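Participant: Structure, please.
(chains A and B)
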Amino acid sequence: ETGVTQSPTHLIKTRGQQVTLRCSSQSGHNTVSWYQQALGQGPQFIFQYYREEENGRGNFPPRFSGLQFPNYSSELNVNALELDDSALYLCASSVGHGVGNTIYFGEGSWLTVV
Amino acid sequence: AQRVTQPEKLLSVFKGAPVELKCNYSYSGSPELFWYVQYSRQRLQLLLRHISRESIKGFTADLNKGETSFHLKKPFAQEEDSAMYYCALRGGGADGLTFGKGTHLIIQP
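Facilitator: Modelled structure (predicted):
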């Protein structure tokens, strides 16, 4: 059984550019969520996808968007990058999103905006 | 708004001593509470959750609704317990997890 995998592991972008981060969920998991973790902070919930539909969102602006594909893999897109977007982006997956389900995290993608 | 507070950024104890990592939360309903751990160079992983009422690696945590706390405890710390510990809350299924800022636990030999 493979775990949650993310790519790329590190990348550097310029302010104003756009970035796409990718995630393969753990086998059998139909729910994917994304988190932003700034240095010295806990992860912050960006949004969640269940069966290709966004069904939950944290306090992030619309320039943070996502997709979930039929195989349950997912993308996080960030437009008009700002310096404060520099962070570790974590993808997590689970079977459904009800009480009691376990959320598994990937190792993350480090984004640096210069 | 929901919030998780971990008052200690860093906690250092000697091997064999008891450990308590504090977590307080703010939520208007009945949340799910979790402890996640991140060992050096590893991914974030679930340590335990309040609904399971289990002991994992000697750690336990009891949900105290009156004090809105979910402190993590272990009677005898081991060096391999050194890690970052995050307390997290989930309100509804689609809410995602709300994390505290984490406590860096260092176990000294």
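
Participant: Confirm residue B:80 sits in a strand?
Facilitator: No: under DSSP: H, G, I helix; E, B strand; the rest coil, residue B:80 falls outside any strand and is assigned helix.

Participant: List the contacts of it.
Facilitator: By CB atoms under 8 Å, 6 or more residues apart in numbering or on different chains, residue B:80 lies in contact with residue B:107. Where you see a C-beta, it was placed from the backbone N, CA and C, and this is true even at glycine.

Participant: distance of it from chain A?
Facilitator: Separation of residue B:80 from chain A (CB to the nearest CB, to the nearest Å) stands at 20 Å.

Participant: In the helix or strand of chain A with the lowest mean pLDDT, which residues are buried?
Facilitator: In chain A, no helix or strand scores lower on mean pLDDT, DSSP states H and E than strand A:53-57, which sits at a mean of 92. Residues of strand A:53-57 classed as buried: A:56, A:57 (neighbour count, 16 or more other CB atoms under 10 Å in any protein chain shown).

Participant: Where does pLDDT dip in chain A?
Facilitator: Within chain A, the stretches with pLDDT under 70 are A:1-2.

Participant: Near chain B, which residues of it are found?
Facilitator: Taking CB under 8 Å from any CB of the partner chain as the contact definition, chain A meets chain B at A:3-4, A:33, A:35, A:40-48, A:50, A:55-56, A:58, A:90, A:96-100, A:102-108.

Participant: hmm, back to that, what is the least confident helix or strand of chain A packed up against?
Facilitator: Under the contact definition 3 or more CB pairs under 8 Å, 6 or more residues apart in numbering or on different chains; DSSP states H and E, strand A:53-57 sits against strand A:44-50.
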